[in-house]
Each structure stands twice: as C-alpha cells, then as structure tokens.
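A.B. asks: Structure, please.
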Amino acid sequence: MKTSTLNMVIEPDEDRWHAYCPALVHQGAATWGNTEQEALKNIRDVVRMVVESLTVHGQPAPKGPAIRFR
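C.D. replies: Got it, this is the predicted structure:
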C-alpha cells in the first residue's frame, strides 16, 4: 500500500465549518460539518473517495503535504 500526504484546510464559515483539500478541490474534495471534528471526518472521507476514484480510473493522485489514512 502506498501512503500519500495531503493538506486539508478546515475553517469556520458562519455557523458551521468548511473543509477542503487544496490539491483535490478541482476533483470535488470539499465538504462541511456542524463542528470542526465533523468537518475533519467528512473531508477525510471525501479525500479517501476521490483518491480511490483516481486510482480506479488510472489517474495519478496529486502530491502534496498532511494526512495519513489507516
């Protein structure tokens, strides 16, 4: 299994939290949550799905610096 590291941004947005992965935002890696923890969980799930889709379709995943999946 190959390990990649990607940055994720989580920031307050009015009454909820916005989260996105800059390296994958053009592939739809953006989400939100009612709490910071919920936004973090959601963006991890979204990034995992995007990377899996890229892999299945034979496209390279962008490289970048900060999360690890287990």
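A.B. asks: Nearest residue to Cys21 in space, please, no chain neighbours.
C.D. replies: Closest residue to Cys21 apart from its sequence neighbours, by CB to CB, 6 or more residues apart in numbering: Ala29 at 4.0 Å. No exception for glycine: its C-beta is placed from N, CA and C like everyone else's.
A.B. asks: so who does that neighbour touch?
C.D. replies: If you count contacts by CB atoms under 8 Å, 6 or more residues apart in numbering, Ala29 has them with 20-21, 23, 43, 46-47, 50.
A.B. asks: again, only this time at 10 Å
C.D. replies: Going by CB atoms under 10 Å, 6 or more residues apart in numbering, Ala29 touches 6, 8, 19-23, 43, 46-51, 62.
A.B. asks: quick one: Ile10 and Val46, what's the gap?
C.D. replies: 12 Å (CB to CB, to the nearest Å).
A.B. asks: the strands in this structure, which residues?
C.D. replies: Taking DSSP state E as the test, the strands found in the chain are 9-13, 16-20, 30-33.
A.B. asks: okay, the ones you listed in TSV with distance to Gly58 next?
C.D. replies: Shown next, in TSV, are those (distance: least, CB to CB, whole Å):
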stretch	distance to Gly58
strand 9-13	28
strand 16-20	24
strand 30-33	24
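A.B. asks: Let me know which of these is tucked in deepest.
C.D. replies: strand 16-20 (a mean of 19; mean count of other CB atoms under 10 Å).
A.B. asks: Look at the closest residue to Lys41 other than its chain neighbours and report its pLDDT.
C.D. replies: Counting by CB to CB, 6+ apart, Lys41 lies nearest to Gly33, which is 7.0 Å off, once chain neighbours are set aside. What the model reports as pLDDT for Gly33 is 98.
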